[in-house]
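Peer 1: Prediction below, plus the sequence it came from.
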There are 2 protein chains.
Amino acid sequence: MTAEYIDIVDTQARKKALKVFREKFQKLIDQIMKGKPPVLLLPKRTLQNTIYDETRKLLLLGPEKLKRSFLDLHEAKKFMQTLLMTRIIYEALARDEYPTIRDLYYRGKHTIIFRDEKGKRHEENTWDEQRESDAVIRDIEVLTGLLREEMLILSKEKGKVVGNMRIRSGGDVIDLSRMGHGAYSIESTPDLIEFLDVDAEFVLVVEKDAVFQQLHRIGFWRKYKAILITSAGQPDRATRRFVRRLNEELGLPVYILTDADPYGWYIYSVFKIGSITLSYESERLATPAARFLGVSMSDIFGAKGKKPYLTEAERRNFIIKAKDADIKRAKELLAYKWFQTPKWKTEIDIFLKKKAKLEIEALAGKGLRFLAFKYIPEKIETGDWIE
Amino acid sequence: MTAEYIDIVDTQARKKALKVFREKFQKLIDQIMKGKPPVLLLPKRTLQNTIYDETRKLLLLGPEKLKRSFLDLHEAKKFMQTLLMTRIIYEALARDEYPTIRDLYYRGKHTIIFRDEKGKRHEENTWDEQRESDAVIRDIEVLTGLLREEMLILSKEKGKVVGNMRIRSGGDVIDLSRMGHGAYSIESTPDLIEFLDVDAEFVLVVEKDAVFQQLHRIGFWRKYKAILITSAGQPDRATRRFVRRLNEELGLPVYILTDADPYGWYIYSVFKIGSITLSYESERLATPAARFLGVSMSDIFGAKGKKPYLTEAERRNFIIKAKDADIKRAKELLAYKWFQTPKWKTEIDIFLKKKAKLEIEALAGKGLRFLAFKYIPEKIETGDWIE
């Protein structure tokens, strides 16, 4: 089995990751060689140690660290799991493998049989659920400072992109303006993409895949020089990293278009601030400058000095009554610091008062040209977004 | 608003669909012009009228027809819904729109206010749920003989493809062998794709997106001259139509790789036979020649004259215990005629006896090279599949 089809960019990424692994774990080897009890020190991935950095506008891991000792009975299993997973990932890197988080779970899953000091036989599984092995992978990410993508770990990806730009990926040059009616599926390892040339003025991220296809088909991105992206629901890591890179490296403003409901707002929040469970990734994956373009409550109901985009009759037909779960979720969002700006408070207050939500598709139902050639460009032009 | 970015292929598709609409509904207009009560006659989309054609190996609509009269009080609403949706789709076609099934629901959703013979005011919604408007769209599909894709109705799509072929879509020529680490997202209207040149020997459809990415990244399709596709779970219509066209027009054999469980078998069955609720589409979307490559029960446990691909220890670590719902589903599948072949009966019997299921990822966990360069090619080479 040769590596004849393996890309040089991947090989370089592997070398870099292998080097980091060797450096990080050398200390542990030194401890063992010196006869000292082996101990791992890693940042704590807990809610208490997740902080919102108001200056950088990012969710980040705090300064708290965690000690994991091999010789502590309470920590021995976690210690073993961490080293087991480290070995599996290291081997996969060295052998030109591309594991997924699911198969890493399988690779490590086995039963350890041992006898205690009284000679009694015990059985202990390395892990039972993927939840456990995933947590171990996250520990290794914070321990090494490498994202799993940098360890060539692949995952299911839903993100798509079209627009006036060319990229290099895996040795190919891909023209994202020549995708026909289809689109380019963003790879699992967006850091390995090279941006070649870009003729675009902004990035528009659409929550709904079907709406992305509508805007693509009607020629939206060509007309307005946009990079058009869909996250197809809750964004995966690759889509977030790709959007971040477009913003950071190319200086393109990023607008997010979601349904007008707490679920849509949370999608925006994940793009902008990061997610609470993966706060250690925000520094690389979040786009603090991302703007919530809509659909906003003032688009639906109007506001001081702003006419609504919907008529009374359209509101009657298009609005969906908020469910109890939506109301509950909206109240939770209000508790997050980054939703405590005047504009967001107004937005959420109107939602809680009207108990009304709206899908982007309702605007396409009013007319695809209305959505593509009036609503979106007008909102961008007049600065009618929420930071 | 001009149609400057609209593709000529789309325009031709619209013209064709508009013509069919005019022809089909002319009869209705004639009835009305002659003062006759308007009646629609359409094939019945019911389970009773869904038949399995054993010769063609397809689920098809039977011969039963349904009458829908405007002047029958029980049918008037359905009649109105059908004509309302027909009008909306016709207008969207004529206006170069690209509706989705979700926005068609919004486009038609409104309240009709009327007074009865006693002067009492009534309110009636055209439809309340998308379920209703979707059913009406299906009625229009069987009535016109046009698939919704031919009416330029778009939908969320998950299917991806890479391989040694070039296609033309929306005026662009796309080289599916130059997608880098990403992939090409199949469009909503795969009939508008033109196959330009193909250098491939078979089609491999993988249920799981992450496994698709692994096989892509390791160079599987290059090495074995495959067109590699993922349905990312239960296949959507576009992926099914794309696979069917590859089989029918290019004569490529199609292999389906799913998890070894009733859910995976059903995915295979939808590709091959069609789905029960959408049996009228099978004739265009199903691929009766599709083969179930695996993962099969004999791959896991072995069979007469066949060594299993897994060792005893691997089975212990990789197998997942079947749930009650899996058992129930397996028994249901046994009732379908197309699962009543000796090979499928054996497959399902072993499952029911062992109560064991297995994910494709377990094979990748054993080693990606094992999956890509041994398991798949060996099974294809030795004809170890189920029809």
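Peer 2: Noted; the coordinates are in hand.
Peer 1: so who does residue A:76 touch?
Peer 2: When contacts are counted by CB atoms under 8 Å, 6 or more residues apart in numbering or on different chains, residue A:76 touches A:69, A:70. All C-beta spots, glycine's among them, are computed from the backbone N, C-alpha and C.
Peer 1: distance of it from residue A:70?
Peer 2: 6 Å (CB to CB, to the nearest Å).
Peer 1: Then residue A:228?
Peer 2: To residue A:70, residue A:228 is 51 Å away according to CB to CB.
Peer 1: again, but for residue A:84
Peer 2: 12 Å.
Peer 1: and the nearest residue to residue A:40 once chain neighbours are set aside, helix, strand or coil?
Peer 2: Once flanking residues are discounted, residue A:40 sits nearest to residue A:68: 4.3 Å by CB to CB, 6 or more residues apart in numbering or on different chains. What DSSP: H, G, I helix; E, B strand; the rest coil gives for residue A:68 is strand.
Peer 1: Assess the claim that residue A:68 and residue A:77 are in contact.
Peer 2: No - using CB atoms under 8 Å, residue A:68 is not in contact with residue A:77, being 10.1 Å away.
Peer 1: The two: which is more packed in?
Peer 2: When neighbours are counted by other CB atoms under 10 Å in any protein chain shown, residue A:68 and residue A:77 differ, and residue A:68 comes out ahead with 20 against 15.
Peer 1: Run through the residues that contact the more buried one.
Peer 2: A:39, A:40, A:41, A:42, A:75, A:78, A:79, A:82.
Peer 1: same check, this time on residue A:379
Peer 2: By CB under 8 Å, 6+ apart, the neighbours of residue A:379 are A:293, A:294, A:299, A:385.
Peer 1: can you tell me how far it sits from chain B?
Peer 2: 17 Å (CB to the nearest CB, to the nearest Å).
Peer 1: which SSE is residue A:197 in?
Peer 2: strand A:194-198 (DSSP states H and E).
Peer 1: Can you list the buried residues in the helix or strand that contains residue A:29?
Peer 2: Secondary structure assigned from DSSP H and E places residue A:29 in helix A:8-33. For helix A:8-33, a neighbour-count test (16 or more other CB atoms under 10 Å in any protein chain shown) marks A:9, A:10, A:13, A:14, A:17, A:20, A:21, A:24, A:25, A:28 as buried.
Peer 1: Equivalent analysis for stretch A:199-216, please.
Peer 2: A:200, A:202-216.
Peer 1: Out of these, which are close to chain B?
Peer 2: When these are checked against chain B using CB under 8 Å from any CB of the partner chain, the ones in range are A:208, A:209, A:210, A:211, A:213, A:214.
Peer 1: Just give the nearest non-adjacent residue to the first one, would you?
Peer 2: To tie it back to what came earlier, the one meant is residue A:208. Using CB to CB, 6+ apart and skipping residues adjacent in sequence, the residue nearest residue A:208 is residue A:360, 5.6 Å away.
Peer 1: pLDDT score for that neighbour?
Peer 2: Note for residue A:360: predicted pLDDT of 96.
Peer 1: Report the contact partners of it.
Peer 2: Contacts of residue A:360 by CB under 8 Å, 6+ apart are A:206, A:207, A:208, A:211, A:257, A:258, A:259, A:295, A:371.
Peer 1: Which of those fall within strands?
Peer 2: A:206, A:257 (DSSP state E).
Peer 1: Please produce TSV containing the contacts of residue A:360, extended by distance to residue A:118.
Peer 2: Shown next, in TSV, are these (distance: CB to CB, whole Å):
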residue	distance to residue A:118
A:206	63
A:207	59
A:208	62
A:211	65
A:257	65
A:258	60
A:259	61
A:295	67
A:371	73
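Peer 1: Quick check: of the contacts of residue A:360, which lies closest to residue A:63?
Peer 2: Checking these against residue A:63 with CB to CB, the nearest one is residue A:258 at 33.5 Å.
Peer 1: just to revisit the earlier point, put together TSV for the buried residues of helix A:8-33, with pLDDT and distance to residue A:141 on each row.
Peer 2: Listed next are the buried residues of helix A:8-33 as TSV, based on pLDDT from 0 to 100; distance: CB to CB, whole Å:
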residue	pLDDT	distance to residue A:141
A:9	88	21
A:10	91	19
A:13	94	15
A:14	95	16
A:17	97	11
A:20	97	11
A:21	97	12
A:24	92	12
A:25	93	14
A:28	91	17
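Peer 1: near chain B too, which of those residues?
Peer 2: Answer for those near chain B (CB under 8 Å from any CB): residue A:10.
Peer 1: Give me the helices and strands touching the helix holding residue A:29, please.
Peer 2: helix A:76-94, helix A:130-144 (3 or more CB pairs under 8 Å, 6 or more residues apart in numbering or on different chains; DSSP states H and E).
Peer 1: what's downstream of the longest one, the next helix or strand?
Peer 2: Along the chain past helix A:76-94, the next helix or strand (assigned with DSSP H and E) turns out to be helix A:101-108.
Peer 1: hmm, that next one in reach of chain B?
Peer 2: Yes - with CB under 8 Å from any CB as the criterion, chain B is reached by helix A:101-108 at A:102, A:103, A:104, A:105, A:106, A:107.
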